[in-house]
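>>> The following comprises the amino acid sequence and a computationally predicted model.
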Amino acid sequence: MLSVSVYRNLLRLYPALHRERFGEEMIAVFDDRQAETVSRGMITRGIFYIRETAGVVGGAVQEHWRVLAGDSIGLWFPTRRFTMRNEFRFPKTTAVLMMIILAGVVLAIKKGETISSSHVNPPIGPLPPTHSVLLGGIFLTLAFFYAAGLIGWAILFAMRRSGVHRLAATSSK
Amino acid sequence: MESLPLTEPVLLILLSLAEQPRHGYSILKDVEQMSDGRVVLSTGTLYGALRRLLDGEWIERIEEEDTPRGRQAYRLTTRGRKNLQLEVGRMKHLTRLANLRIVVKEA
């Protein structure tokens, strides 16, 4: 089957020793699991392939790291120590953000209604096309954020060059 | 090498092998069943954990001549069983402690 050969190629990401030790077993297990998903829906199969690919890539990184650094030094990302958490997580910040976005949308609708009702007579002169106004707005917003980011970065860069960040480390002896 | 406390997947793998020797696919299915479908291991994750457990001599491969290479079975070693018992004991202690604290708080 095609995906088995793809999986076999993916296993090349692992160090040779790991491949020799577990390669055939991993392919056999993958084949069994894949046969199980054939009768299921496309979403289930998609999740299966994504999970398997992520498992191989993550596992290969860990195995290479082990070869380079040994077992005693862990990776910088969490290694899924025993954790307990709620099945469903809905942070309060998300709720607040959703409320703000909703308020913004409602406000924009109200504002639009006010503007349309105040212009009973058609305005003098040709109106600019809607898409050009929209594109201009998007461009202006992006330009604003880009400029703000650039200014922020310049300030941080200047502070770092001046050595002001080292002041916090100095003592008053 | 694995150290205590164990990760949830490793704990479930050890619990699966505590009952009887199993091969890779059987371990995956048992882990899924034990966790009510909450923990679904990928093949890569499973064999990463099995490699660590083999290196730490917590489990061993059952060498059988007529078994195809893709169907190697694994079983717990004495060390693995002892460590599993330690972990379960630790968890029992935590559960007992948690229950006591909750009862005291509610009383």
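Happy to help now that I have it. Numbering: from 1, shown residues only, chains lettered A, B, ... in the order given.
>>> Restrict stretch A:144-160 to CA atoms and write it as CSV.
What follows is stretch A:144-160, C-alpha atoms only, in CSV (Å, rounded to 0.1, in the frame of the first residue of the first chain):
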residue,chain,number,x,y,z
PHE,A,144,0.2,51.0,11.1
PHE,A,145,1.1,47.8,13.0
TYR,A,146,4.3,47.4,10.9
ALA,A,147,5.4,50.9,11.8
ALA,A,148,4.5,50.4,15.5
GLY,A,149,6.5,47.2,15.6
LEU,A,150,9.4,48.9,13.8
ILE,A,151,9.4,51.8,16.3
GLY,A,152,9.2,49.4,19.3
TRP,A,153,12.1,47.3,17.9
ALA,A,154,14.1,50.5,17.3
ILE,A,155,13.5,51.7,20.9
LEU,A,156,14.6,48.3,22.3
PHE,A,157,17.6,48.2,20.1
ALA,A,158,18.7,51.7,21.1
MET,A,159,18.2,50.9,24.8
ARG,A,160,20.2,47.7,24.5
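>>> ok, and does stretch B:8-27 reach over to chain A?
Yes. Against chain A, stretch B:8-27 shows contacts by C-beta under 8 Å from any C-beta of the partner chain at B:8-9, B:11, B:23-25. (Each C-beta comes from the backbone N, C-alpha and C, glycine too.)
>>> ok, residue B:28 touching residue B:46?
Yes. Taking C-beta atoms under 8 Å as the definition, residue B:28 is a contact partner of residue B:46 at 6.0 Å.
>>> list residues touching both of the two?
Shared contacts of residue B:28 and residue B:46, defined by C-beta atoms under 8 Å, 6 or more residues apart in numbering or on different chains, comprise residue A:29.
>>> about what we covered before: buried members of the residues of stretch B:8-27 next to chain A into ChimeraX, please.
Command for ChimeraX that selects the buried part of the residues of stretch B:8-27 next to chain A, burial taken from 16 or more other C-beta atoms under 10 Å in any protein chain shown:
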select /B:8,9,11,23,24,25
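>>> So which of the residues of stretch B:8-27 next to chain A are in helices?
B:8-9, B:11, B:24-25 (DSSP state H).
>>> Where does pLDDT dip in chain A?
A:1-2, A:71-97, A:119-134, A:159-173 (pLDDT under 70).
>>> quick one: buried residues of whatever helix or strand residue A:156 lives in?
Using DSSP states H and E, residue A:156 sits in helix A:130-162. For helix A:130-162, a neighbour-count test (16+ other C-beta under 10 Å) marks nothing as buried.
>>> among the residues of stretch B:8-27 next to chain A, which two are most distant?
Maximum pairwise distance in the residues of stretch B:8-27 next to chain A, criterion C-beta to C-beta, is 21.4 Å, between B:8 and B:23.
>>> May I have the distance across stretch B:16-33, first residue to last?
The first and final residues of stretch B:16-33 sit 10 Å from each other (C-alpha to C-alpha, to the nearest Å).
>>> Tell me how far it lies from the chain's centre.
9 Å (C-alpha atoms, centre = their mean, to the nearest Å).
>>> what does it contact?
If you take C-beta under 8 Å, 6+ apart as the criterion, stretch B:16-33 is touched by A:25-26, A:28-29, A:32-33, B:9, B:12-13, B:34, B:39-41, B:43, B:46-47, B:50, B:59, B:62, B:71-76, B:80-81, B:84.
>>> Among the residues you listed, which are located in helices?
Those of the contacts of stretch B:16-33 lying in helices (DSSP H): A:25-26, A:28-29, A:32-33, B:9, B:12-13, B:34, B:43, B:46-47, B:50, B:80-81, B:84.
>>> picking up where we left off before, turn the ones in helices among the residues of stretch B:8-27 next to chain A into TSV, columns for pLDDT.
Below are those laid out as TSV (pLDDT from 0 to 100):
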residue	pLDDT
B:8	91
B:9	92
B:11	94
B:24	94
B:25	95
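>>> I'd like these written out as JSON lines, with distance to residue A:156 added.
Shown next, in JSON lines, are those (distance: C-beta to C-beta, whole Å):
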{"residue": "B:8", "distance to residue A:156": "41"}
{"residue": "B:9", "distance to residue A:156": "42"}
{"residue": "B:11", "distance to residue A:156": "45"}
{"residue": "B:24", "distance to residue A:156": "51"}
{"residue": "B:25", "distance to residue A:156": "53"}
